[in-house]
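Enquirer: Need coordinates for the below:
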Amino acid sequence: MSTAAHGVSAPPGERSASKSELAYEWLHEQIVTGALEPGARLVLSQVADKLDVSVVPVREAVRRLEAEGLVTFEKNVGATVAGIDPTEYLYTMQTLSLVEGAATALSAPSITAEDIAAAREVNERMRVFLAPDPLHFDPVVFTALNREFHSVLFEHCPNPHILDLVHRGWNRLKALRGSTFSYVPERATESIEEHEALLSLIETGAPTGEIELAARRHRSATLEAYLAHTGENPGFPTL
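Expert: Alright, predicted model coming up:
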């Protein structure tokens with residue numbers, strides 16, 4: 001039975017850990033969704049007041065976010081929201097375009113008509129989600145739907161090592177900053193159309209090389225749109 005059931009408060013260490021987790025989850029969501037933009041200063045006392053906790057658990061949460069690369073410390077400034085490292089983003093997207101393209105192509109022979117229907121249903125939900133305003137939408141929700149769509153296509157990959165790399169790539173993108181669609185919302189509509197083209201290739205039994213290339217180009221197009229929008233040039237060519 002828990003201590004709360006006996007009317008006894010949890011030990012100080014447990015309370016601190018709980019509050020630290022609360023602060024971490026709140027700050028993580030604010031950063032990943034873009035509510036706290038890159039460069040935004042994190043005033044620990046203000047965050048503590050907002051969450052009705054002391055500064056100690058907030059400081060612990062910020063240190064955890066710093067270890068994940070979402071927060072940086074600057075001399076005479078303090079904690080600020082980290083920006084996207086364009087080189088790291090480029091590496092992640094390049095790698096993901098390669099491994100996800102391969103995983104999708106290797107999955108293709110095992111993708112059933114039911115899988116195709118499921119993927120189309122998700123793609124239609126994405127289309128409906130954008131209908132009110134294709135340039136103003138919740139990019140985090142859209143990205144979640146986008147991953148759900150692609151998961152249908154790459155989870156049948158028979159090579160567990162490639163599949164692991166795909167999962168790592170998606171998780172790395174989340175750590176970098178949640179959703180590229182925050183920066184290039186116009187890619188959302190284009191992405192939906194590219195999804196349908198990819199499904200058609202799989203449905204009609206196109207050569208695996210053609211499917212792989214289409215999946216790679218789909219991922220690379222998002223990278224190129226982001227780099228063009230931000231004006232970032234890491235000095236490396238895209239695929």
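
Enquirer: Go ahead and confirm residue 30 touches residue 36.
Expert: Yes: contact criterion CB atoms under 8 Å: residue 30 and residue 36 qualify, at 4.4 Å. (C-beta placed from N, C-alpha, C; glycine too.)

Enquirer: Of the two, give the one with the bigger neighbour count.
Expert: residue 36 (20 against 16; other CB atoms under 10 Å).

Enquirer: which residue ranges form the helices in the chain?
Expert: Under the criterion DSSP state H, the chain contains helices at 12-32, 44-51, 55-67, 86-107, 113-130, 139-154, 160-177, 186-203, 208-230.

Enquirer: can you redo those helices as a markdown table with distance to residue 80 and mean pLDDT?
Expert: Shown next, in a markdown table, are these (distance: least, CB to CB, whole Å; pLDDT from 0 to 100):
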| stretch | distance to residue 80 | mean pLDDT |
| --- | --- | --- |
| helix 12-32 | 11 | 77 |
| helix 44-51 | 12 | 94 |
| helix 55-67 | 10 | 92 |
| helix 86-107 | 17 | 93 |
| helix 113-130 | 32 | 97 |
| helix 139-154 | 21 | 92 |
| helix 160-177 | 14 | 85 |
| helix 186-203 | 27 | 97 |
| helix 208-230 | 18 | 93 |
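
Enquirer: Deepest-packed of those, please.
Expert: helix 86-107 (a mean of 21; mean count of other CB atoms under 10 Å).

Enquirer: Next, the angle helix 113-130 makes with that one.
Expert: Orientation check (axes from the mean of the first three to the mean of the last three CA atoms, to 10 degrees): helix 86-107 against helix 113-130 gives 140 degrees.

Enquirer: packing partners for helix 86-107?
Expert: helix 139-154, helix 160-177, helix 208-230 (3 or more CB pairs under 8 Å, 6 or more residues apart in numbering; DSSP states H and E).

Enquirer: what inclination does that helix have with respect to helix 160-177?
Expert: Angle of helix 86-107 versus helix 160-177, following the same axes, to 10 degrees, is 150 degrees.

Enquirer: Can you give the distance of helix 86-107 from its chain's centre?
Expert: Taking the mean C-alpha point of helix 86-107 and that of its whole chain, the gap between them comes to 14 Å (CA atoms, centre = their mean, to the nearest Å).
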